[in-house]
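Visitor: pasting the sequence and the predicted model now:
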Amino acid sequence: MFIKTHLESLRKTIPETVCLVAVSKTKPNEDILEAYQNGQRHFGENNAREMQAKAQALPKDIHWHFIGHLQTNKVKYIAPWVDLIHSVDSLKVLKEIDRQAEKNGKTIRCLLQFHIAEEETKFGLNLQEAEQLINSPEFKTMAHIQLSGVMGMATYTENQTQIRREFKQLKVWFDHLKIHYFSETPEFKEISMGMSGDYQLAIEEKSTLVRIGSLIFGARSCAL
């Protein structure tokens with residue numbers, strides 16, 4: 001029952017305009033079902049084969065979010081199931097998503113992942129790279145992807161001033177892309193930032209999607 005209690009407490013702190021993505025990576029189906037039975041519909045995974053297995057076994061009205069680094073050879077496993085891919089960081093990956101989406105007769109929504117953290121281990125684009133992707137001839141021919149916004153991961157630190165600064169930077173880049181490339185695209189509206197330790201800061205800085213795991217499911221177990 002602790003998942004129900006955690007969800008109820010968490011929802012009191014998140015505006016209705018912000019989508020709560022329950023990060024269910026490494027969690028068993030039973031935990032996901034408990035969250036589902038208490039109204040949760042958006043779940044985030046970072047392993048393609050794990051998402052595939054869970055999507056096949058769990059209720060079909062779940063909205064699956066892929067939130068981890070995505071390799072081109074893994075796109076085929078998530079394409080039939082995924083609702084939103086948060087972590088597009090290259091034209092190569094986006095081309096494969098478009099190809100697999102076409103094979104599955106669907107359009108896949110995607111976010112461009114930006115590198116906003118000071119940690120070198122984080123993946124992501126800078127603004128120049130994102131503009132090169134958007135302006136590329138290949139992007140203009142893609143008919144089965146929908147760029148819906150941006151994603152970023154702040155530095156893992158207790159320095160809230162730094163975290164806020166990084167979230168503000170992502171919002172600046174979102175606004176730049178919206179004004180210059182997507183002003184006529186209402187679907188380009190998402191800013192995915194904020195996790196269990198910093199989601200309230202992220203919401204203050206205009207996040208529309210928060211990715212929260214441990215506050216719902218408890219401490220993360222070892223990877224499957």
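Guide: Cool, the structure landed.
Visitor: mind listing what the spatially most central residue of the chain touches?
Guide: Nearest to the geometric centre of the chain sits residue 86, at 3.2 Å (Cα atoms, centre = their mean). Residues counted as contacts of residue 86 (Cβ atoms under 8 Å, 6 or more residues apart in numbering) are 44, 65-67, 111, 113, 151, 192, 209, 211. Using the backbone N, CA and C atoms, a C-beta is placed for each residue, glycine as well.
Visitor: helix/strand/coil for it?
Guide: On the three-state scheme (DSSP: H, G, I helix; E, B strand; the rest coil), residue 86 is labelled strand.
Visitor: okay, it and residue 124: tell me how far apart.
Guide: For residue 86, the distance to residue 124 equals 11 Å [Cβ to Cβ, to the nearest Å].
Visitor: repeat that for residue 143.
Guide: The gap separating residue 143 from residue 124 is 25 Å, by Cβ to Cβ.
Visitor: could you pull out the strands for the chain?
Guide: Taking DSSP state E as the test, the strands found in the chain are 19-23, 42-45, 63-66, 82-88, 108-114, 145-152, 190-192, 209-212.
Visitor: now do the residue lying closest to residue 204 once chain neighbours are set aside, the pLDDT please.
Guide: In space, and not counting its chain neighbours, residue 204 is closest to residue 164: 7.7 Å by Cβ to Cβ, 6 or more residues apart in numbering. Per-residue pLDDT puts residue 164 at 98.
Visitor: any idea how many residues pack against residue 164?
Guide: Residue 164 has 16 neighbours, counted by other Cβ atoms under 10 Å.
Visitor: contact partners for residue 205?
Guide: Taking Cβ under 8 Å, 6+ apart as the criterion, residue 205 is in contact with 164, 167-168, 170-171, 193.
Visitor: how about it, phi and psi?
Guide: phi -100, psi 20 (degrees, to the nearest 10).
Visitor: now the residue lying closest to residue 95 once chain neighbours are set aside: how far from residue 86?
Guide: Among residues not flanking residue 95 along the chain, residue 138 sits closest, at 6.0 Å (Cβ to Cβ, 6+ apart). To residue 86, residue 138 is 21 Å away according to Cβ to Cβ.
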